[in-house]
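# Quick one, fold the following:
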Amino acid sequence: MQIYDRAKRIVAAGVLTGLLILGGCGPSSNTGKPPGGGTPEVAVVTIQPTQVAITTELTGRTSAYLVAEVRPQVGGIIQKRLFTEGADVKAGQELYRIDAAPYQAVLDNARAALGRSKANLSTISLKAERMRELAADKAVSQQEYDDAAAALKQTEADIQFWKATVETARINLGYTTVKAPISGRIGKSGVTEGALVTAQQPLPLATIQQLNPMYVDVPQSSAEVLRLRNRIEDGRLSRNGRLRDNVRLTLEDGANYPLEGVLQFRDVTVDPTTGSVILRIVFPNPKGVLLPGMFVRAVVEEGVNPRALLIPQQAVMRDPKGNPLTLIVDGQGKVLQRPLTLDRALGDQWLVSSGLAAGEQVIVEGVQKVRPGATVKAVPYTASGENKNAAAPPVKAN
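As a prediction, this is how the structure comes out:
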């Protein structure tokens, strides 16, 4: 019986081995080509020149369009503060009131002195006229006439002096009411009621800042300015219309500012400590989103490259030294290696300065299975369905 069971197991093993051999000889279920069989396929893009706006992202800070530090022009005791801290004020609005009594007294005294001089003028003028007639008839000496004429001129001069004194006293009296020199938002008050202030004191009473529009000052390296000028002179970059003046802004929290700014000027002096020049940009700020001193990133449109060559970033590789290169397919289907000079990244593409020519086919997919000199079959590159339908990356919570 044991011999019979052993024979059955041997027969079953033989049948199973035969089935495996027959299965291996049948058609393969793998639809891919066996290694080394046929010409490998690679996905390529054909490089064509296109017009691209060239931008530069620079970091900077905001500053108020107008800033006025309010200081007293006369000394005295602050009697009243007439504004709310942090509020918007208009040019000419009263802010502080200084004790005006001493200045009113000075004005009254000057007016009285002016009146006295004017009263004396008529008497001295008549006396001088009589002296002139008598001197003509030789009734009085020439000296007496000269004294009367000099007295008249002195009285006229006194009148002019006191008129100027009255005007000065009137101006100083007006300065006892401190007014806003500009419209804008006023900060905290530097003094309280009852404080003693002096004319032209170093400590401002308050500071007013105009916040609409706003300045954004960003530094740009002088080397980049020279490179930009060279690109324009070489024809690689052109400036047309107002494109070069448009500037976009990114706020501290990463949000895009909805309004565009205008490049006002580029400074002509290089800061020796940083090697950069300042670009001043004007942004409208109707809702007060921008505040002085905020850190921002400005995207400045430098110009347009009318014949830019762009390739996908995945088509660029690096050699052991870190130099960029790519693989292309020539007209005979051969793979060639090209060293590249890259300008900058634009989205998911590289802007190529040199190394490629219009019409060349750059390998985007399949670079792992080919080598320079190999013969390949080039097919147009299209984004895979997986890439098209890929879910957006999760947003990190702040």
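
# who are the neighbours in contact with Val89?
83, 95, 180, 183-186, 208 (C-beta atoms under 8 Å, 6 or more residues apart in numbering). C-beta coordinates here come from the backbone N, C-alpha and C atoms, glycine included.

# any chance you could map the helices in the stretch 1-150 of the chain?
Ranges of helices in the stretch 1-150 of the chain, per DSSP state H, counting those that start in this stretch, are 2-25, 101-136, 142-174.

# out of these, which comes closest to Pro380?
Closest approach to Pro380 among the helices of the stretch 1-150 of the chain is made by helix 2-25 (37.6 Å; C-beta to C-beta).

# average pLDDT across the closest one?
The average pLDDT within helix 2-25 is 46.

# try stretch 335-344
88.

# cool, stretch 309-326 as well?
Confidence over stretch 309-326 (mean pLDDT, whole number) is 90.

# out of the helices of the stretch 1-150 of the chain, nearest to Arg297?
Once the helices of the stretch 1-150 of the chain are compared by C-beta to C-beta, helix 142-174 is nearest, at 46.9 Å.

# Could you find the closest non-adjacent residue to the residue positioned nearest the centre of the chain?
The centroid of the chain falls nearest to Val216 when counting by C-alpha atoms, centre = their mean (3.6 Å). Once flanking residues are discounted, Val216 sits nearest to Ile281: 4.4 Å by C-beta to C-beta, 6 or more residues apart in numbering.

# Look up the residues forming beta bridges with that neighbour.
Val216, Leu263 (DSSP bridges).

# May I have the predicted confidence score for it?
According to the model, Ile281 scores 88 on pLDDT.

# cool, Lys80 as well?
Value for Lys80, per-residue pLDDT: 95.

# can you offset everything so residue one is 224?
Got it, first residue is 224 now, which makes that one Lys303.

# got the contact list for the nearest residue to it once chain neighbours are set aside?
Among residues not flanking Lys303 along the chain, Arg320 sits closest, at 4.5 Å (C-beta to C-beta, 6+ apart). For Arg320, the contact set (C-beta under 8 Å, 6+ apart) comprises 301-303, 305, 399-401.

# how near is Arg541 to Leu565?
With distances taken as C-beta to C-beta, to the nearest Å, Arg541 is found 11 Å from Leu565.

# higher neighbour count, those two?
Leu565 (16 against 9; other C-beta atoms under 10 Å).

# Compute the distance between Asp542 and Pro272, please.
26 Å.

# who has more neighbours, the two?
Pro272 (14 against 10).

# quick one: pLDDT of that one?
For Pro272, pLDDT reads 89.

# Apart from its neighbours in sequence, what residue is nearest it?
Arg530 (3.9 Å).

# do Leu281 as well
Val441 (4.1 Å).

# residue contacts, that neighbour?
281-283, 501-502, 504, 521, 523.

# now swap in Lys386 and tell me
Counted by C-beta under 8 Å, 6+ apart, Lys386 has contacts Leu337.

# and stretch 427-435, C-alpha only, in PDB?
Extracted in PDB, the C-alpha atoms of stretch 427-435 (Å, rounded to 0.1, in the frame of the first residue of the first chain):
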ATOM      1  CA  PRO A 427       7.700 115.900  17.800                       C
ATOM      2  CA  LEU A 428       4.300 116.400  19.300                       C
ATOM      3  CA  ALA A 429       2.900 113.800  16.900                       C
ATOM      4  CA  THR A 430       3.700 112.200  13.500                       C
ATOM      5  CA  ILE A 431       1.300 112.200  10.500                       C
ATOM      6  CA  GLN A 432       1.700 109.600   7.700                       C
ATOM      7  CA  GLN A 433      -0.100 109.600   4.400                       C
ATOM      8  CA  LEU A 434      -0.800 105.900   3.600                       C
ATOM      9  CA  ASN A 435      -2.500 106.200   0.200                       C
END
